[in-house]
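# Below are the sequence and a predicted model for it; my questions follow.
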Amino acid sequence: MTSSKPEDFAADFAALRDDVTKLTSSVSDFIRKQTASASNTVFDAADNARQKVSDTASKAQDVVTGASRDLETTIERNPLAAVLIAMVAGLFIGIFGGSLSRR
């Protein structure tokens, strides 16, 4: 039979407690670092997406502004044609709009 001294048991228990404390600390540090890394990745992705949306909106606004200027220039050069086109478009809308409301 093996004889164990109470002092050996207490020392082993204290060593085990220290090991568990160190392990808990290491796991906590690991989780903290992984969480920070994941958060940074998510924030970076969100920032990139926001920047792309902003760039796309800016480009779309530039295209619309350019098209509007082109339309204004065309109307200024050919006012009679612009009036005729507007009249024909109005007639089609009136004809088709009226026929749709009767159904």
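Here it is on my side, so go on. Residues are numbered from 1 along each chain as shown.
# contacting residues around the lowest-mean-pLDDT helix or strand in the chain?
Sorted by mean pLDDT, DSSP states H and E, the helices and strands of the chain end with helix 79-102, the least confident at a mean of 86. The contact list for helix 79-102, computed with C-beta atoms under 8 Å, 6 or more residues apart in numbering, reads Thr74, Ile75. In short, each C-beta sits where N, CA and C put it, glycine included.
# Asp29 sits in which helix or strand?
When elements are assigned from DSSP states H and E, Asp29 belongs to helix 6-77.
# So which elements touch that helix?
Contacting helix 6-77 under the criterion 3 or more C-beta pairs under 8 Å, 6 or more residues apart in numbering; DSSP states H and E is no other helix or strand.
# and that helix, how far from the chain's centre?
Here helix 6-77 is found 11 Å from its chain centre; the criterion is C-alpha atoms, centre = their mean, to the nearest Å.
# Can you give me the neighbour number for Lys59?
Per other C-beta atoms under 10 Å, the neighbour tally for Lys59 reads 10.
# next one: Ile75
Neighbours around Ile75, by other C-beta under 10 Å: 14.
# and it, what does it touch?
So Ile75 contacts Ala82 (C-beta under 8 Å, 6+ apart).
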